[in-house]
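J.: missing the sequence, but the structure's below:
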């Protein structure tokens, strides 16, 4: 009989399943009845004590072909047409980000941009800002100001980052 190493998760599932199945035997809803010679409870307890050793991770399959990507250069979450500019706060203490857009298409494009404003540790999200349908002429450049949704009067937002930026040839 060939022994094949199973991934840890598969081994745990197999052991747990066998332990559950081995506890069955009586007609009264599980467990082993006194007249039953299988001693399901003893088998289940013995299996629960088996040491579970981690196995080597199964290598991920490698793809032999490149995935098909659309001809549109905005494939992905952030189009390469946008770059982060300056960040700051406006007069009402709302954070803002100036996003520089360079339209790589020869026709007018409409950009939807989402910016995250985070605290000193980059884990504390202070607010987000969204600009939808910003129009940029073909082969043109434009700075789009994205405002945070809530005020940051304590000026806790220390960094701003583009979280999402897409473009379409039609206005949403």
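T.: Cool, the structure landed. Note that this is a predicted model, so its numbers are computed, not measured. Numbers count the residues shown, from 1 in each chain.
J.: what segments of this protein are strands?
T.: In the chain, the strands defined using DSSP state E lie at 82-89, 95-102, 109-118, 125-136, 141-147, 159-168.
J.: got the buried residues for the fifth one?
T.: Within strand 141-147, the residues scored as buried using 16 or more other Cβ atoms under 10 Å are 144, 145, 146, 147. For every residue, glycine as well, the C-beta is placed using N, CA and C.
J.: with pLDDT and distance to residue 172 added, can I get the residues you listed in TSV?
T.: As requested, the buried residues of strand 141-147 are arranged in TSV below (pLDDT from 0 to 100; distance: Cβ to Cβ, whole Å):
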residue	pLDDT	distance to residue 172
144	97	15
145	97	19
146	97	16
147	96	19
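J.: just checking, residue 122 touches residue 159?
T.: Yes: under the contact definition of Cβ atoms under 8 Å, residue 122 touches residue 159, with a separation of 6.2 Å.
J.: more neighbours, these two?
T.: Between residue 122 and residue 159, counted using other Cβ atoms under 10 Å, residue 159 has the larger neighbour count: 15 against 11.
J.: burial of the nearest residue to residue 153 once chain neighbours are set aside, as a residue count?
T.: Distance criterion Cβ to Cβ, 6 or more residues apart in numbering; nearest residue to residue 153, sequence neighbours excluded, is residue 93 at 4.4 Å. If you count neighbours by other Cβ under 10 Å, residue 93 ends up with 13.
J.: make residue 1 into 31 and carry on from there
T.: Sure, I'll start counting at 31 from here, so that last one is residue 123.
J.: residues in contact with residue 191?
T.: Taking Cβ atoms under 8 Å, 6 or more residues apart in numbering, we find residue 191 in contact with 114, 145, 146, 148.
J.: where does the chain dip in pLDDT?
T.: Per-residue confidence for the chain (pLDDT under 70) gives these ranges: 31-106.
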